[in-house]
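Undergrad: model the structure of this input:
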Amino acid sequence: MILYAFLGGVFMRVIFHIDLNAFFANAEISRHPELANKPIVIAHDSKRSVCSTASYEARAYGIHSAMPVYEAKRKCKHLIIVEPHYDLYKKLSHQFFNILLSYSQKLEIASIDEGYIDMSDYITTHHIHPADLALEIQNKVLRQIHLPCSIGISPNKFLSKMASDMKKPLGIVMLTKSNIREKLWPLPVDEMFGIGKKTAPYLKEAGIQTIGDVANYDNYQTLRSILGRHALLYYYKANGKDDSKVIYEDYDLKSISNSTTFLNDINDLSSLEEEFRPLAMTVHQRAIKSRLLTNTIVITLKYSNFKSINRQMNIDHYTNSYEEIYSYAMMLLRKHYDYKPIRLIGLSINNLKKEGQINEQLSFFTEIKSDRESREVQVDDIIKQLNKNNNTHLMKASSLLKKTSS
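TA: Alright, predicted model coming up:
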């Protein structure tokens with residue numbers, strides 16, 4: 001078993017908890033930079049509305065999530081109310097998790113703006129210190145999607161969650177068994193992850209004021225009288241022990257690809273477009289069979305001089321639709337093909353996920369398909385079944401029309 005030694009502790013795992021800071025507020029600031037450094041809340045501007053997220057400038061006035069808008073306005077006369085744009089938040093969330101997945105597939109999405117990721121393997125293979133890796137990820141998220149995040153680093157999920165909450169925005173904090181006495185134990189008991197607002201007053205009334213008090217075995221019977229069978233779990237966590245696993249999908253396939261080599265070089269766009277159709281169909285069928293979705297389309301072009309290029313496109317949703325895979329591949333081809341003779345073409349889909357995973361993990365938003373999209377899905381299903389039963393390769397009429405018009 002691989003061990004990681006730093007900060008006086010020995011790690012069997014390195015778990016990051018990564019949390020986008022004031023996500024909705026900073027998402028709006030990414031669209032409207034003029035809102036930066038101003039007190040804003042994300043909410044509908046009505047008397048009955050509550051604040052969804054408050055910027056750090058607004059929080060300085062005592063404004064927080066779930067506060068009624070009218071109360072927030074009383075606290076800050078120049079407060080800016082910004083209407084929520086959930087499509088934007090969903091898109092940025094997808095991009096955020098895609099960045100994390102580029103480091104490790106061992107990702108557990110905790111909510112739309114936070115996740116746990118096991119970086120043990122990455123750190124081993126790249127010989128990088130966890131703090132340096134955290135800074136790299138933090139900078140990449142800020143550079144690519146213009147959102148600040150805080151990262152907690154520890155050997156387990158509980159400590160990494162507590163660490164990420166200790167310094168916001170743009171914090172990087174490491175917690176180990178060797179420093180929890182100094183960093184974790186002095187915190188008020190109501191800041192312990194998992195202790196609810198209703199439970200904390202009972203603990204304080206019983207004399208358990210800090211996380212250090214929870215960690216003190218002398219208080220265990222008192223803890224048990226309030227928390228019942230969960231007391232031992234919190235006692236262990238307060239002492240830095242947490243065996244809970246990062247729950248992730250184990251992906252067998254990293255990509256699905258197909259390619260073809262021509263007997264004679266091709267140097268016209270329309271012919272190449274036609275040659276990509278069977279590649280897209282094969283990739284699509286393999287994705288369907290494996291129940292996999294993608295949000296990254298890649299094409300390969302190898303020239304007659306054997307030089308080759310790869311070009312890719314990231315899209316803002318996951319799909320395994322033939323129509324979409326082919327269409328995005330053609331966008332790449334039309335953008336990058338320079339009309340030189342081509343000997344080989346390839347098409348692949350990367351960053352694969354199991355069907356349903358994205359919707360299950362990001363269930364904060366529910367996507368409702370339009371009538372047209374629903375009909376297209378039904379037609380796709382019918383065609384798939386016909387092809388399966390009859391060993392044929394049927395396509396929709398729209399695909400045939402594209403052929404005849406070229």
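Undergrad: worst-scoring helix or strand of this structure, pLDDT-wise?
TA: helix 397-405 (a mean of 42; mean pLDDT, DSSP states H and E).
Undergrad: what does stretch 309-320 contact?
TA: Residues from elsewhere that reach stretch 309-320 (CB atoms under 8 Å, 6 or more residues apart in numbering): 91, 94-95, 98, 284, 287-288, 292-301, 324-325, 328, 331-332, 335-336, 349-351, 353, 355, 358. Every C-beta, even on glycine, is put in place using the N, C-alpha and C of the backbone.
Undergrad: should've said stretch 113-131
TA: With CB under 8 Å, 6+ apart as the test, stretch 113-131 has contacts from 2, 4, 6, 11, 13-20, 23, 93, 96-97, 100, 103-104, 106-110, 133, 136, 153, 157, 160-161, 164, 172, 174, 246, 248.
Undergrad: now do 6 Å
TA: Under the criterion CB atoms under 6 Å, 6 or more residues apart in numbering, residues 2, 13-20, 23, 100, 103-104, 106-109, 153, 157, 246 lie in contact with stretch 113-131.
Undergrad: tell me which of those fall in helices.
TA: Counting by DSSP state H, the members of those that fall within helices are 23, 100, 157.
Undergrad: among those residues, name the least confidently predicted one.
TA: Minimum pLDDT across these is recorded for L100, with 92.
Undergrad: hmm, I109 and that residue touching each other?
TA: No. Using CB atoms under 6 Å, L100 is not in contact with I109; the gap is 9.0 Å.
Undergrad: buried set for the helix or strand where R224 lies?
TA: Assigned by DSSP states H and E, R224 falls within helix 220-227. Neighbour counts over helix 220-227 (16 or more other CB atoms under 10 Å) mark 222-223, 227 as buried.
Undergrad: starting at the chain centroid, how far to it?
TA: Computed by CA atoms, centre = their mean, to the nearest Å, the chain-centroid distance of helix 220-227 equals 37 Å.
Undergrad: with stretch 181-191 instead?
TA: Distance, centroid of stretch 181-191 to centroid of chain: 29 Å (CA atoms, centre = their mean).
Undergrad: with only the CA atoms kept, save it in CSV.
TA: Taking Å, rounded to 0.1, in the frame of the first residue of the first chain, the C-alpha atoms of stretch 181-191 are listed here in CSV:
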residue,chain,number,x,y,z
ARG,A,181,-5.7,19.5,17.9
GLU,A,182,-4.5,22.9,16.7
LYS,A,183,-6.8,23.5,13.7
LEU,A,184,-10.0,21.4,14.2
TRP,A,185,-10.6,21.0,17.9
PRO,A,186,-11.0,24.7,18.8
LEU,A,187,-13.9,25.2,16.4
PRO,A,188,-17.4,25.5,17.8
VAL,A,189,-19.4,22.3,17.8
ASP,A,190,-22.0,23.7,15.4
GLU,A,191,-19.3,24.0,12.7
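Undergrad: avg pLDDT for it?
TA: 97.
Undergrad: and that stretch, what's buried?
TA: For stretch 181-191, by 16+ other CB under 10 Å, it's 183-185, 187, 189-190.
Undergrad: can you name the residues in contact with that stretch?
TA: 200, 203, 208, 210-212.
Undergrad: one more: stretch 32-39?
TA: 29, 57-58, 76, 79-80.
Undergrad: again, 7 Å this time
TA: 28-29, 55, 57-58, 61, 76, 78-80 (CB atoms under 7 Å, 6 or more residues apart in numbering).
Undergrad: looking at the residues you listed, which is nearest I256?
TA: Using CB to CB, E28 comes nearest to I256 of the contacts of stretch 32-39, at 36.6 Å.
Undergrad: tell me who's in contact with the nearest residue to that closest one once chain neighbours are set aside.
TA: Spatial nearest neighbour of E28, excluding adjacent residues (CB to CB, 6 or more residues apart in numbering): V82 at 5.0 Å. V82 sits next to 28, 40, 42 when contact means CB under 7 Å, 6+ apart.
Undergrad: among those residues, which one has the most neighbours?
TA: Sorting the contacts of V82 by how many neighbours each has (other CB atoms under 10 Å) puts I40 first, at 27 neighbours.
Undergrad: what is that one paired to in the beta sheet?
TA: I80 (DSSP bridges).
Undergrad: L107 now?
TA: I117.
Undergrad: and the gap between it and H284?
TA: 25 Å (CB to CB, to the nearest Å).
Undergrad: ok, those two, which is more surrounded?
TA: H284 (24 against 21).
Undergrad: surely that one and E324 touch.
TA: No. Judged on CB atoms under 7 Å, H284 makes no contact with E324 at a distance of 9.0 Å.
Undergrad: do you have the strands of the stretch 151-300 of the chain handy? List them.
TA: 172-174, 255-266, 292-303 (DSSP state E, counting those that start in this stretch).
Undergrad: great, nothing more from me.
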